[in-house]
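*Asks:* model this:
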Amino acid sequence: MTPQPAPAPLLIACALGIEQFALRRRERGRPGGPVTVLRTGMGPAAAERSVTRVLATGELRGAAVLATGFCAGLAPGMHPGDLVVAGETRDPRGTVPCVGTELLVKELVRAVPGRTVHTGPLTGSDHVVRGHERSDLLATGAIAADMESAATLLSAVRTGERPVAAVRVVVDAPEHELVRIGTVRGGISAFRVLRSVLPAFHEWHRSLLLPRR
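*Replies:* Have a look, this model is predicted:
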């Protein structure tokens, strides 16, 4: 018998240790191929370096890439613990369309019932977004901002053709700035949501391996 090719792996990229800690549960040994959670470090430059390095050689060369972690919500009415599924990521260097967003939305609703899932452009920033910057970025059409997703996906597609996506958990929003002591609960809420999203990521990855009709 001809040996079957190994399933394509999944690389889940996040910036912070607390994000990696939330995501490390059961990331290996799932159906659909191996899963690696990569902590890139904070900021677009760190994300670009880390993702480019791990995708350039070795077993992750052909991996699908999903960027995740926390983000700043830009739209009024967003709350800590809401989810953002990017239709595309963008920064001054370019825009990257995401794959399988409808499936991600469906699976996130199943994985984290009761949480609102927003879809739209996710914009990159080189610093934490505060105050009036939210409305300025919202005016560009973006619904959320973070420092690593755009750099992660741009680096991924530049290294080779592959499926990419970005899912973020809102940790603060226009009416819920994390700098206020009253929003510490918002950070805890976002952490708990991030701990629950892995099943949706695995289903997204598994769907990429199914034959197309």
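*Asks:* Could you point out which residue ranges in this protein have low pLDDT?
*Replies:* 1-7, 25-33, 174-187, 210-213 (pLDDT under 70).
*Asks:* centroid residue for it?
*Replies:* With distances taken as CA atoms, centre = their mean, the chain has residue 68 as the residue nearest its mean C-alpha position (2.4 Å).
*Asks:* That residue belongs to a strand?
*Replies:* Yes. Under DSSP: H, G, I helix; E, B strand; the rest coil, residue 68 sits within a strand.
*Asks:* what's near enough to touch it?
*Replies:* With contact taken as CB atoms under 8 Å, 6 or more residues apart in numbering, residue 68 is in contact with 12-14, 19, 23, 166-169, 194, 197, 201. The C-beta positions use only the backbone N, C-alpha and C, and glycine is treated the same way.
*Asks:* Tell me where the protein has strands.
*Replies:* 10-14, 35-39, 64-73, 83-91, 94-97, 117-124, 144-146, 164-172 (DSSP state E).
*Asks:* buried ones in the second one?
*Replies:* Buried residues in strand 35-39, counting neighbours by 16 or more other CB atoms under 10 Å, are found at 35, 37-39.
*Asks:* elements contacting it?
*Replies:* strand 10-14, helix 17-23, helix 44-56, helix 198-209 (3 or more CB pairs under 8 Å, 6 or more residues apart in numbering; DSSP states H and E).
*Asks:* Please identify the most buried of the ones you listed.
*Replies:* Comparing the helices and strands packed on strand 35-39 by mean neighbour count (mean count of other CB atoms under 10 Å), strand 10-14 ranks first with a mean of 26.
*Asks:* What strands flank that one, and is each parallel or antiparallel?
*Replies:* strand 35-39 (parallel), strand 64-73 (parallel) (DSSP bridges).
*Asks:* Take those and lay them out in TSV including distance to residue 52.
*Replies:* Below are the strands paired with strand 10-14 laid out as TSV (distance: least, CB to CB, whole Å):
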stretch	distance to residue 52
strand 35-39	12
strand 64-73	11
